[in-house]
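Visitor: Coordinates for the following, if possible.
(chains A, B, C and D)
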2 protein chains.
Amino acid sequence: MASQRPGPNLSRIATSLGVSVATVSNALSGKGRVSDALIERIRAHAAELGYVPSQAGRALRTGRSGVLGLVLPDIANPLFPKIAQAIEYAASAAGYGVLIADSRGDITAQTEAINRLVERGVDGMVVVPRRATRISGASCPVAVIDTASTPGNTVAADHWQGGKEIAAHLAGLGHRQILIIGNNHESNVQNDRAGGIRAGLQPGMRSETLWIERLEAETGVGCRLGLAEKAGQGFTAFAALSDLQALRALTELQQEGISVPADVSVTGFDDLIWSPVVTPSLTTVRMDMDTIAEIAVSALVDRINESGTREGVLVTAETERVPMQLIVRQSSGPANPAQKTSEMENM
Amino acid sequence: MASQRPGPNLSRIATSLGVSVATVSNALSGKGRVSDALIERIRAHAAELGYVPSQAGRALRTGRSGVLGLVLPDIANPLFPKIAQAIEYAASAAGYGVLIADSRGDITAQTEAINRLVERGVDGMVVVPRRATRISGASCPVAVIDTASTPGNTVAADHWQGGKEIAAHLAGLGHRQILIIGNNHESNVQNDRAGGIRAGLQPGMRSETLWIERLEAETGVGCRLGLAEKAGQGFTAFAALSDLQALRALTELQQEGISVPADVSVTGFDDLIWSPVVTPSLTTVRMDMDTIAEIAVSALVDRINESGTREGVLVTAETERVPMQLIVRQSSGPANPAQKTSEMENM
DNA sequence: GTGCTTCGCTTAATCGTTTAAGCAACTGCA
DNA sequence: TGCAGTTGCTTAAACGATTAAGCGAAGCAC
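Guide: Below you'll find the model as predicted:
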């Protein structure tokens, strides 16, 4: 019934060559004492037979599955592709597989998802936490990717610095009144980004923050953001805390006849897939996901190799903040002098 | 060295209760002959100790890992979140974990990714193939999710029918000249969608197709699509084959002062994350990913359970096409009579 | 009461790998 | 020659689960 694996195993190689399984194992892993000649013969024969070690056998013996878990709790997060891709790449390079667990946005489901991963015997996991959830002690090393201000964060993009880049960019273009557009004021990431923008403002500049979820709670989902009115009040730059909000702002402004970047500028965060192809293409700030993933995975792998005891621990990395990179495109331009003052309110 | 798993195992439960491991195994799986009373005692004790079966041990013995592979070769595909989420959910419901393998868009890497999954001992895999690649015989059951016209396709959204829905919708609004905007003319999915649109046109209607990749090959990446000129030629509806292209069309039109939907209509495909929140919100066609994933996974699981021999086979499902659902939003409206004829060319 | 079946549990083998321990044979040194 | 140390391989015991086979005891029929 239990279909035997098709490929050859150690013992097949061993009998076929007239040696013991232990020798084959040693030869392939390079661990024990085997003569160079025999190592060569064994390796050649293994390759010829297309030998693939059984992860199950190895996992059972070593207590290590060679698999990392990836928990992505935010439903349909547009960053998902980049994160998953980067983590998979880094893990794969380190010889690990990646088991995904999505909790469909549900907070209790996050714990369930983590448990499923643990039951499957992952050696560690990378968690991109939902909002401000604490990771309850899973029984394996955990790396958290969120933002520096999240307690227990392992590594993340330097959202604060990204915000300062945006502020500096807009300041350099002559903007004085900036409307920050965020989605959720409880998000650590968005708060850090907004904080960075505010910290980067120069004397004489002011900002205001619009949280979409709050607005939608009053006015209904998908409502107008009322950006035309804000432009009338003298705001010349709209700094969204994510490209998704930037896109929403951009299209709303365009629809109401306000030209970007001639009349006002719009910026985003994350360099999501559509940012280069919309018109005008979006000025944004990109996170170096590959580096972040590599740091997270190697911190995890280090901890796995070092600790014999399989305790659940939040791992730490040397580099906690990875710089973000400003990508200047068409959606940001010099401040329109006509809108610099508040005279437009009366138009 | 090999850290022993923290939790209790069968033998711990067995000795603790003074019975044999086999009995414990039988009691928990409900397979052998064990008295009801003892089953109850064993289950209770296992639960109390927080027993979690070792997947490694089970996998080794049964030859089944309880893990499915998910191969998503298109780099940063915006559908990734929905697909991964749906597959993970369906697999999880069927008691399987999901191991991801992204091949970063590289075609040879697709084979590598598949091999990595096989080496990790997946019981089967779901492949969303890149372009028109054939899946070379992996040594496990494979379900392909692409489109009906792809050879070996297991299940997919009915892209053709989706196209017809769009055509019918636009026809009903009085549009007569439709510009189909696709990205890649080698994509089976996009061809089916375009074919469906053309098949759905009514007498007196005509369509033209614009492939962005071709245009970009001449004019450069991120170039204008020249939709204003097309509008001048009498096209009143722009039917993109993906929401990404729809977004590109929408923003280009808005930027050039053409109002959507007052002057022209724009539609997309896939109901991607931004579609409801842009202004105007996008009329699109949504695929039922949950159903598709469920069909793919259950076809896979059926095949896994039935076949003792672990051959590589493309599995088939009863339902090959899952209907798509038209989502009418703001970006499509009645055809503007002023643009119906070709008089605008001279304006 | 004898023989047969069924019940309820145990024994033991097995999956494929790793790795500690053991054991010849050989080397080097006195 | 004798003894220690090294080399090169083998033996065997795990890891944790599943499952076929075995085996007393009890139930049942004649």
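
Visitor: check contacts around A:Gly32.
Guide: A:Gly32 is in contact with A:Ala22, A:Thr23, A:Ser25, A:Asn26, counting by C-beta atoms under 8 Å, 6 or more residues apart in numbering or on different chains. In short, each C-beta sits where N, CA and C put it, glycine included.

Visitor: helices or strands up against the strand or helix carrying the last one?
Guide: Same thing as A:Asn26. Secondary structure from DSSP states H and E places A:Asn26 in helix A:21-29. Counting by 3 or more C-beta pairs under 8 Å, 6 or more residues apart in numbering or on different chains; DSSP states H and E, the packing neighbours recorded for helix A:21-29 are helix A:10-17, helix A:36-49.

Visitor: export the ones you listed to CSV and tack on mean pLDDT and distance to A:Glu216?
Guide: Output for the helices and strands packed on helix A:21-29, formatted as CSV (pLDDT from 0 to 100; distance: least, C-beta to C-beta, whole Å):
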stretch, mean pLDDT, distance to A:Glu216
helix A:10-17, 94, 60
helix A:36-49, 96, 60
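
Visitor: Single out the most deeply packed of those.
Guide: Comparing these by mean neighbour count (mean count of other C-beta atoms under 10 Å in any protein chain shown), helix A:10-17 comes out on top with a mean of 16.

Visitor: Which positions in chain A make contact with DNA strand D?
Guide: For chain A, the residues in contact with DNA strand D (C-beta under 7 Å from any atom of the strand) are A:1-2, A:18-23, A:26, A:32-35, A:37-38, A:57, A:60-61, A:63.

Visitor: if we look at DNA strand C, which of those are close to it?
Guide: The subset of the residues of chain A next to DNA strand D within reach of DNA strand C, by C-beta under 7 Å from any atom of the strand, is A:Ala2, A:Val21, A:Ala22, A:Asn26, A:Gly32, A:Gly57, A:Leu60, A:Arg61.

Visitor: Can you select the buried ones from these in PyMOL?
Guide: Per 16 or more other C-beta atoms under 10 Å in any protein chain shown, the buried members of those correspond to this PyMOL selection:
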select buried, chain A and resi 26+57+60
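
Visitor: now, the most widely separated pair of the ones next to DNA strand C among the residues of chain A next to DNA strand D?
Guide: The distance between the two most remote of those (C-beta to C-beta) is 30.3 Å, for A:Ala2 and A:Gly32.

Visitor: ok, so what distance separates the residue nearest to A:Thr283 when sequence neighbours are not counted from DNA strand D?
Guide: Excluding its sequence neighbours, the residue lying closest to A:Thr283 (C-beta to C-beta, 6 or more residues apart in numbering or on different chains) is A:Ser332, at 4.0 Å. A:Ser332 is 58 Å from DNA strand D, where distance means C-beta to the nearest atom of the strand, to the nearest Å.

Visitor: now do A:Val266
Guide: Applying C-beta to the nearest atom of the strand to A:Val266 and DNA strand D gives a distance of 56 Å.

Visitor: Is that residue bridged to anything, and to what?
Guide: On the basis of DSSP bridges, A:Val266 is bridged to A:Phe238.

Visitor: pLDDT weak spots in chain A?
Guide: A:1-6, A:75-76, A:105, A:132-137, A:307-312, A:338-347 (pLDDT under 70).

Visitor: so where's the longest helix in it?
Guide: helix A:289-306 (DSSP state H).

Visitor: Give me the phi and psi for A:Leu68.
Guide: The phi/psi pair for A:Leu68 (degrees, to the nearest 10) reads phi -110, psi 150.

Visitor: how about it, what does it touch?
Guide: Under the contact definition (C-beta under 8 Å, 6+ apart), the residues listed for A:Leu68 are A:87, A:91, A:96-99, A:122-126, A:297, A:300.

Visitor: could you measure it against DNA strand C, distance?
Guide: A:Leu68 sits 18 Å away from DNA strand C, going by C-beta to the nearest atom of the strand.

Visitor: One more: A:Cys223?
Guide: 59 Å.

Visitor: surely that residue meets A:Leu215?
Guide: Yes - the criterion here is C-beta atoms under 8 Å, and A:Cys223 meets it with A:Leu215 at 6.6 Å.

Visitor: Compare those two and say which is more crowded by neighbours.
Guide: Per other C-beta atoms under 10 Å in any protein chain shown, whichever of A:Cys223 and A:Leu215 has more neighbours is A:Leu215, with 16 against 12.

Visitor: For the residue sitting nearest the centre point of chain A, list the residues it contacts.
Guide: By C-alpha atoms, centre = their mean, chain A has its centre lying nearest to A:Ile83, at 4.1 Å. A:Ile83 is in contact with A:Leu70, A:Leu72, A:Asn77, A:Val128, A:Ile145, A:Met289, A:Ala293, counting by C-beta under 8 Å, 6+ apart.

Visitor: you'd agree A:Ser207 is in a strand?
Guide: Yes - per DSSP: H, G, I helix; E, B strand; the rest coil, A:Ser207 lies within a strand segment.

Visitor: returning to that earlier point: can you flag the buried ones in the contacts of A:Leu68?
Guide: Buried by 16+ other C-beta under 10 Å: A:87, A:91, A:96-99, A:122-126, A:297, A:300, out of the contacts of A:Leu68.

Visitor: sorry, back to before: which of the contacts of A:Leu68 fall in strands?
Guide: The members of the contacts of A:Leu68 that map onto strands under DSSP state E are A:Gly97, A:Val98, A:Leu99, A:Gly124, A:Met125, A:Val126.

Visitor: give me the subset of those residues touching chain B.
Guide: A:Gly97, A:Val98, A:Leu99 (C-beta under 8 Å from any C-beta of the partner chain).

Visitor: Looking at the residues you listed, which is nearest A:Ser207?
Guide: Closest to A:Ser207 out of those is A:Val98 (39.4 Å), distances taken as C-beta to C-beta.

Visitor: Enumerate every residue touching that closest one.
Guide: Listed by C-beta under 8 Å, 6+ apart, the contact set of A:Val98 reads A:Val67, A:Leu68, A:Gly69, A:Leu70, A:Ala84, A:Ile87, A:Glu88, A:Ala91, A:Ser92, B:Leu99, B:Ile100.

Visitor: just to revisit the earlier point, with distance to B:Ala171 added, can I get the helices and strands packed on helix A:21-29 in TSV?
Guide: Output for the helices and strands packed on helix A:21-29, formatted as TSV (distance: least, C-beta to C-beta, whole Å):
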stretch	distance to B:Ala171
helix A:10-17	65
helix A:36-49	61
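
Visitor: Reformat the ones you listed as TSV; add distance to chain B.
Guide: Conversion of the helices and strands packed on helix A:21-29 to TSV gives the following (distance: least, C-beta to the nearest C-beta, whole Å):
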stretch	distance to chain B
helix A:10-17	13
helix A:36-49	14
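
Visitor: which residues of chain A fall in strands?
Guide: Using DSSP E, strands in chain A cover A:67-71, A:97-101, A:124-127, A:142-144, A:156-157, A:177-182, A:206-211, A:237-240, A:265-267, A:284-287, A:321-322, A:324-327.

Visitor: Of all the ones you listed, which one is nearest B:Asp263?
Guide: Across the strands of chain A, B:Asp263 has its closest neighbour in strand A:265-267 (23.0 Å, C-beta to C-beta).
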